[in-house]
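J.: Give the three-dimensional model of this entry:
(one chain, ligands or ions: 1)
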Amino acid sequence: MVDPNSNSTHHGIAGNQRPCLQIPTWEYKGDSPNERQIHQHSNGLLVSSYFRKNYARYSCLEAAIWKKLSKLAWSSSPNGAYLKRRPDQFSKKLLGDGILVTDGQKWSKLRKIANHAFYAESLKGMVPAMITSVETMLERWRQHEEKEIEVNKESRLLTAEVISRTAFGSSYLEGEKIFAMLMEMGTIIARNRYKIRLPGIGKFLKLRDNLESDKIEQAIRESIIAMVNKREEKMMRGEENNYGSDFLGSLIKANHDPDEKNRISVDDMVDECKTFYLTGQETTNGLLAWSLLLLAVHTDWQEKARKEVFELFGQQNPNAEGIARLKIMSMILNETLRLYPPVINLLRRVEREVRLGKLIVPANAHVMLPLLALHHDPEIWAQDVDLFKPERFADGVAKATNNNIAGFILFGFGPQICVGLNFAANEAKIALSMILQRYRFTLSPNYVHSPIQILTICLKNGIPVVFNKL
Ligand code: HEM
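T.: Here you go, the predicted structure:
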């Protein structure tokens, strides 16, 4: 690990490039109790100190044990899984009994709908909508050329716009209220996630956060139902001949399915909309914002990525075939996700007793899977785990992790692996390509490194970047 007081810095931004800029690893000290202060664990694992203070109910597995456990989890189906998701009461309010929470047959039904909406052919069809959203953002940037732009905020707007357009057939403005309420709920969850409560206390005492989250939950539900009604009315008036080919259309179709086996309820529809508004935006926002930050600092990699983009697309907008061939950019995105994974840990309940040599993990134990720790584990990664070195991915993930697949599970694992991983990669590649085609960019000296965990790892203080027209 890099000593934050030494001259060399976390991402190798040392000396020769920007001598005044220091980005210490995870040394930001959050200044409110809601902020997880993330720092280095003495045994080499990186964990949230807030989590450690409050983790009485969970066992934080050592990386070595988790590596073994995850091998078992890989081969299991959601019905017979060794590890089950373990949503808390607030997460349930945020995501209902949707795909990220539920299990068994219901999960299979929901996963089928999601797979269909986000499979390879559907993703190809989304490229034009993604490009239009990036063009809208770049149009806004024209007013600020040669000045600072706060790219964290821009990335947030863009990713909200993209998921609104591609999954819900609307613009960010139409979904704005839903996004804002989901974020508010997310803040309540972050505040309460690791608090210890006496069992049953909620029955007698409604805490302020419970009341507030009840209200938000109801308001989100009403907004989503209004959106569904609008789509259904369009079809009834004959303006559309089906419910639409996007994710929302698939949900409404499943709600009207004559076969009860495939039908989903109105509540399911609401839960799926909430889940995809949130997962579709929050995580990809992190990926894009962190990669812009790292490229603004590592201008040599910025040049390499730009060269690749020009070779594939020239001055034209990206296309689906070219996106799949962006090798340098894939390396940069993998390295960004390794250093700053949007999801840093997964909570799981062990369904059946697991024996690993002398270790017995009993049934019903709650475990935390420390993704961040694994992505920084010096035993897995060949070298320089703290440095920004996209070249480690030149020969693929298996080579970079010394064939230890558990070392790089930023999208989860097994049958419940992230359904939007290719969507996120496409979106980030399109946005970065279009930015690289137009601008050279550097990090502003006003940047303050402030990683915090709310729902995902994000930055408290934003990312001011200066863009110079090519
Ligand atoms: C960089 C971007 C992203 C990251 C790092 C990420 C990460 C994850 C992780 C760690 C999981 C948990 C998997 C598990 O429990 O094993 C997950 C699940 C999920 N993600 Fe993502 N995600 C990203 C983008 C997206 C996007 C763009 C969408 C939607 C369009 C999405 C939708 C989902 C859904 C629906 C699940 C639940 C899957 C299931 O249970 O079957 N994610 N994601």
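J.: buried stuff in stretch 390-402?
T.: For stretch 390-402, a neighbour-count test (16 or more other Cβ atoms under 10 Å) marks 390, 392-393, 397, 400-401 as buried. Yep, even glycine has a C-beta here, placed from its N, CA and C like the rest.
J.: Number of residues surrounding residue 181?
T.: Neighbour count for residue 181, taken as other Cβ atoms under 10 Å: 21.
J.: do the one helix or strand it maps to and the ligand meet at all?
T.: For residue 181, the host element (DSSP states H and E) is helix 172-192. No. For a cut-off given as Cβ under 6 Å from any ligand atom, helix 172-192 has no contacts with the ligand; the smallest distance is 13.4 Å.
J.: just checking, what packs against that helix?
T.: With contacts taken as 3 or more Cβ pairs under 8 Å, 6 or more residues apart in numbering; DSSP states H and E, helix 172-192 sits against helix 89-95, helix 151-168, helix 208-236, helix 266-297.
J.: anything in the longest one sitting right up against the ligand?
T.: Yes. Applying Cβ under 6 Å from any ligand atom, one finds helix 266-297 in contact with the ligand at 275-276, 279-280, 283-284, 287.
J.: quick revisit: would you mind getting the angle between the helix holding residue 181 and helix 208-236?
T.: Inter-element angle recorded for helix 172-192 and helix 208-236: 150 degrees (by axes from the mean of the first three to the mean of the last three Cα atoms, to 10 degrees).
J.: Highest neighbour count among the residues of helix 266-297 next to the ligand?
T.: Counting by other Cβ under 10 Å, residue 284 has the largest number of neighbours within the residues of helix 266-297 next to the ligand, with 28 neighbours.
J.: any low-confidence regions in this structure?
T.: 1-90, 172, 190-206, 240-241, 347, 354-362, 365-370, 373, 405-406, 453 (pLDDT under 70).
J.: residues in contact with the most centrally placed residue in it?
T.: Nearest to the mean C-alpha position of the chain, by Cα atoms, centre = their mean, lies residue 283 at 2.1 Å. Residues in contact with residue 283 (Cβ atoms under 8 Å, 6 or more residues apart in numbering) are 342-343, 420, 424, 456.
J.: and the buried residues of stretch 390-402 near the ligand, which?
T.: Within the buried residues of stretch 390-402, nothing lies near the ligand by Cβ under 6 Å from any ligand atom.
J.: Of all pairs in those residues, which one is the farthest apart?
T.: 390 and 401 (14.4 Å; Cβ to Cβ).
J.: circling back: mind putting the helices and strands packed on helix 172-192 into JSON lines with distance to residue 103?
T.: Formatted as JSON lines, the helices and strands packed on helix 172-192 follow (distance: least, Cβ to Cβ, whole Å):
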{"stretch": "helix 89-95", "distance to residue 103": "13"}
{"stretch": "helix 151-168", "distance to residue 103": "23"}
{"stretch": "helix 208-236", "distance to residue 103": "21"}
{"stretch": "helix 266-297", "distance to residue 103": "14"}
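J.: Between the ones you listed, which one is closest to residue 113.
T.: Short answer: helix 266-297, nearest of those by Cβ to Cβ, at 7.4 Å.
J.: what's downstream of the closest one, the next helix or strand?
T.: Following helix 266-297 toward the C-terminus (DSSP H and E): helix 299-313.
J.: Tell me which helix or strand residue 170 sits in.
T.: Using DSSP H and E, no helix or strand contains residue 170.
J.: Then residue 332?
T.: Per DSSP H and E: helix 327-339 holds residue 332.
J.: And the contacts of that helix?
T.: 11, 287, 290-291, 294-295, 301, 304-305, 307-309, 375-376, 388-394, 397, 400, 408, 410, 425, 428-429, 432-433.
J.: Any idea how far it is from the middle of the chain?
T.: Its chain's average C-alpha position is 14 Å from that of helix 327-339, according to Cα atoms, centre = their mean, to the nearest Å.
J.: Dump that helix to PDB, keeping only the CA atoms.
T.: Output of helix 327-339 as PDB, limited to C-alpha atoms (Å, rounded to 0.1, in the frame of the first residue of the first chain):
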ATOM      1  CA  LYS A 327      -9.600  -2.800 -26.500                       C
ATOM      2  CA  ILE A 328      -7.600   0.100 -24.800                       C
ATOM      3  CA  MET A 329     -10.800   1.600 -23.500                       C
ATOM      4  CA  SER A 330     -12.000  -1.800 -22.100                       C
ATOM      5  CA  MET A 331      -8.600  -2.000 -20.300                       C
ATOM      6  CA  ILE A 332      -9.100   1.500 -18.900                       C
ATOM      7  CA  LEU A 333     -12.700   0.800 -17.700                       C
ATOM      8  CA  ASN A 334     -11.600  -2.500 -16.000                       C
ATOM      9  CA  GLU A 335      -8.900  -0.700 -14.200                       C
ATOM     10  CA  THR A 336     -11.200   2.100 -13.200                       C
ATOM     11  CA  LEU A 337     -13.700  -0.500 -11.800                       C
ATOM     12  CA  ARG A 338     -10.900  -2.300 -10.000                       C
ATOM     13  CA  LEU A 339      -9.700   0.800  -8.200                       C
END
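J.: nearest residue to residue 469 other than its sequence neighbours?
T.: In space, and not counting its chain neighbours, residue 469 is closest to residue 145: 5.5 Å by Cβ to Cβ, 6 or more residues apart in numbering.
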